[in-house]
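> No letters, just coordinates:
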C-alpha cells in the first residue's frame, strides 16, 4: 500500500486538483481514495492500479463537486485557483509542470463536473473514449457529446487542437 501511495500520490493529487480547483479538496480526495483502497483486496488492483486509482479519484472529485456542501458555498467575484504551497513535495509536480494555465482554469469553471472530467481526461491526459467512458461511468457516445459541449462552452472549435502541457512523462 505504501508503495502505491509513493508511486501515484503526485499523479492523483494533480488529477484531483484539476477536477476540484482546490488544493485542500484535492488532498482530501487523494486521502479518501487511499483509505478506501486499503480495504480493497490486492487482486482488484493487480491488473491496472494506475487506472483503478485514477477512476476512484475522478469519481470522488465529481461526487465532491456535486455535494451539498459545495453547492452551499457562494463565491462572489472572479474565480481564482487556490494557491498551492510549494514547500511540500506533494505539490511539486503541479508547480513544476504548470499543468493547466490560469486561463484554462477560468474556462474549466464554466463546465459541469462531468464535462470537466471528460475534458481533462481527453485533452490533458489524452485518454481514449472507451477509457474515459469506463472512468466516468457513461457511454462512449455520451463522453463524445460531453467533450463537444465542453469545447463549445470554452470557445474551442471542433477542428482546433488543445496542446496539453500536462501529458508529460508522469501521466504515461
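It's in. Quick caveat, the model's predicted, so the values are computed rather than measured.
> which residues sit in contact with residue 116?
With contacts defined as Cβ atoms under 8 Å, 6 or more residues apart in numbering, residue 116 is in contact with 19, 65, 108, 150. Using the backbone N, CA and C atoms, a C-beta is placed for each residue, glycine as well.
> Which single one of the residues you listed is nearest to residue 47?
Closest approach to residue 47 among the contacts of residue 116 (Cβ to Cβ): residue 19, at 23.8 Å.
> my guess is residue 37 contacts residue 55, does it?
No: taking contact to mean Cβ atoms under 8 Å, the distance of 11.3 Å between residue 37 and residue 55 leaves them out of contact.
> How about the strand or helix carrying residue 56, which residues are buried there?
Element membership for residue 56 (DSSP states H and E) is helix 49-66. Residues of helix 49-66 classed as buried: 49, 52-62, 64-65 (neighbour count, 16 or more other Cβ atoms under 10 Å).
> now do stretch 30-50
Residues of stretch 30-50 classed as buried by neighbour count (16+ other Cβ under 10 Å): 30, 31, 32, 33, 34, 37, 45, 49.
> Show residues contacting it.
Surrounding stretch 30-50, the residues in contact under the criterion Cβ under 8 Å, 6+ apart are 1, 4-5, 8-9, 11-13, 16, 52-53, 56-57, 60.
> In contact with the closest residue to residue 25 other than its chain neighbours: list those residues for me.
Leaving aside its chain neighbours, residue 25 sits nearest to residue 64 (6.0 Å; criterion: Cβ to Cβ, 6 or more residues apart in numbering). Taking Cβ under 8 Å, 6+ apart as the criterion, residue 64 is in contact with 20, 25, 28, 29, 70.
> mind listing the helices for the chain?
Along the chain, the segments classed as helices by DSSP state H run 2-20, 23-38, 42-46, 49-66, 68-72, 92-97, 102-108, 113-119, 129-136, 140-153.
> and the first one, what does it pack onto?
It refers to helix 2-20. Taking 3 or more Cβ pairs under 8 Å, 6 or more residues apart in numbering; DSSP states H and E as contact, the helices and strands that helix 2-20 lies on are helix 23-38, helix 49-66, helix 92-97, helix 113-119.
> Out of those, the one nearest residue 131 is which?
helix 49-66 (7.4 Å).
> Report the inter-axis angle for that closest one versus helix 129-136.
Helix 49-66 runs at 60 degrees relative to helix 129-136, counting by axes from the mean of the first three to the mean of the last three Cα atoms, to 10 degrees.
> any weak-confidence spans in the protein?
Of all residues in the chain, those with pLDDT under 70 make up the ranges 41-46, 68-107, 162-172.
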